[in-house]
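Asker: Sequence and predicted structure, then a few things I'm wondering about:
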Amino acid sequence: GAGVSQTPSNKVTEKGKYVELRCDPISGHTALYWYRQSLGQGPEFLIYFQGTGAADDSGLPNDRFFAVRPEGSVSTLKIQRTERGDSAVYLCASSAGSSLLNTEAFFGQGTRLTVV
Amino acid sequence: AQKITQTQPGMFVQEKEAVTLDCTYDTSDQSYGLFWYKQPSSGEMIFLIYQGSYDEQNATEGRYSLNFQKARKSANLVISASQLGDSAMYFCAMRTYSTLTFGKGTMLLVSP
């Protein structure tokens, strides 16, 4: 596809369950970001990948959150033992390499996670 | 650490008038890029305009212009001739070699 694709678009899960959120970036984009956005708030940074490696994971709130990008394209955000406070829209964005500061990040439509 | 501050939670403007949305930033990096994004109620993030830290001229894109004052670390967005379709959340963001950081946003409402 031409844009950033996130699946699923909506996910409802029970408290305590494990979830995986997928992001398929624009082909050739080496930089990939994950954000969490609550209603009326700005995107909260979670993790940044440059290629296969996590260049900055300082935004992950705790050890229940983990993300991978094994082949440098698709990324999966994994949340263990979900809590109601994890409910939010999870946004993924990709852009050309980090050395190109003038390239904008392209966002997916997000995954709306609801923990009940 | 990088920080973006948007001090206006909400702004109101009448159609056809201009409006300025404020953004200040903090970074110790010498090289960085500043971006503005629009997020309508549909939730998509739409890129509007970019300003590089070494750019001497203010960026313009159609009705959008960026008032860049490097010494004050501000990057305000100016929307000229507001339209009803401009009603949305607006986010200022800063990209460095290590991350892309967003502000909390400003909700703009354009009235007829």
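Answerer: Alright, I've got the coordinates. Residues are numbered from 1 along each chain as shown, chains lettered A, B, ... in the order given.

Asker: Any residues of chain B in contact with chain A? List them.
Answerer: B:6, B:31-33, B:35, B:43-45, B:47, B:50, B:52-53, B:89, B:91, B:93, B:95-105, B:107 (C-beta under 8 Å from any C-beta of the partner chain). Glycine gets a C-beta too; all of them are placed from N, C-alpha and C.

Asker: And the buried ones among these, selectable in ChimeraX?
Answerer: Buried members of the residues of chain B next to chain A, defined by 16 or more other C-beta atoms under 10 Å in any protein chain shown, are picked up in ChimeraX with:
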select /B:6,32,33,35,44,45,47,50,53,89,91,93,95,96,99,100,101,102,103,104,105
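
Asker: Quick one: residues contacting A:Tyr35.
Answerer: A:43-46, A:90-93, B:102 (C-beta atoms under 8 Å, 6 or more residues apart in numbering or on different chains).

Asker: helices and strands of chain A: which one bottoms out on pLDDT?
Answerer: Of all helical and strand segments in chain A, the minimum by mean pLDDT, DSSP states H and E falls on strand A:53-56, at a mean of 91.

Asker: starting at the chain centroid, how far to that one?
Answerer: 13 Å (C-alpha atoms, centre = their mean, to the nearest Å).

Asker: From the contact counts, what lies against whichever helix or strand comes after it?
Answerer: Sequence order places strand A:65-68 as the next helix or strand after strand A:53-56, per DSSP states H and E. When contacts are defined as 3 or more C-beta pairs under 8 Å, 6 or more residues apart in numbering or on different chains; DSSP states H and E, strand A:65-68 packs onto strand A:44-50, strand A:75-79.

Asker: so what strands line up beside strand A:65-68?
Answerer: Its sheet considered, strand A:65-68 pairs with strand A:75-79 (antiparallel) by DSSP bridges.

Asker: ok, residues contacting whatever helix or strand comes next after the strand it pairs with?
Answerer: Using DSSP H and E, the helix or strand that follows strand A:75-79 in sequence is strand A:88-95. Residues from elsewhere that reach strand A:88-95 (C-beta under 8 Å, 6+ apart): A:4, A:6, A:21, A:23, A:25-26, A:29, A:31-38, A:43, A:46, A:75, A:77, A:103-108, A:110-113, B:43, B:45, B:100.

Asker: Keep only those of those that are in strands.
Answerer: A:6, A:21, A:23, A:31-37, A:46, A:75, A:77, A:106-107, A:111-113, B:100 (DSSP state E).

Asker: Great, nothing more from me.
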